[in-house]
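Undergrad: Sequence below, structure please.
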Amino acid sequence: MRTNRLSAPTFPKRTDVLVVGAGPMGAILGAYLAGQGIDVTVIDKRCRVGPTARWL
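TA: Coordinates of the predicted model:
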């Protein structure tokens, strides 16, 4: 029987801003800060990207 394993994500050792949660506001904040030249990392508990906004 095969098991499906997820590999542990790698994160930068240093970042200026860490945004926890890639929902609508986390994603917008991360994009805005990156556009301002700030080193930002966005993390989320889900491993996939998709249109799963629960607040709609």
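Undergrad: What segments of the protein are strands?
TA: Taking DSSP state E as the criterion, the chain contains strands spanning 17-20, 40-43.
Undergrad: Look at residue 21 and say how many residues are nearby.
TA: By the criterion of other CB atoms under 10 Å, residue 21 has 15 neighbours. The way it works is simple: take the backbone N, C-alpha and C, and place the C-beta from them, glycine included.
Undergrad: among the strands of the chain, which is nearest residue 30?
TA: strand 40-43 (4.0 Å; CB to CB).
Undergrad: Redo the strands of the chain as CSV? Include distance to residue 33.
TA: Shown next, in CSV, are the strands of the chain (distance: least, CB to CB, whole Å):
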stretch, distance to residue 33
strand 17-20, 6
strand 40-43, 4
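Undergrad: Deepest-packed of these, please.
TA: Ranked by mean neighbour count under mean count of other CB atoms under 10 Å, those are led by strand 40-43, which reaches a mean of 16.
Undergrad: quick one: strands adjacent to that strand?
TA: Strand 40-43 pairs in its sheet with strand 17-20 (parallel), by DSSP bridges.
Undergrad: got a list of contacts for the strand it pairs with?
TA: 26, 29-30, 33, 38-44 (CB atoms under 8 Å, 6 or more residues apart in numbering).
Undergrad: Output those as JSON lines; include the columns pLDDT.
TA: JSON lines is the format used below for these (pLDDT from 0 to 100):
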{"residue": "26", "pLDDT": "94"}
{"residue": "29", "pLDDT": "97"}
{"residue": "30", "pLDDT": "96"}
{"residue": "33", "pLDDT": "98"}
{"residue": "38", "pLDDT": "97"}
{"residue": "39", "pLDDT": "96"}
{"residue": "40", "pLDDT": "96"}
{"residue": "41", "pLDDT": "94"}
{"residue": "42", "pLDDT": "92"}
{"residue": "43", "pLDDT": "91"}
{"residue": "44", "pLDDT": "90"}
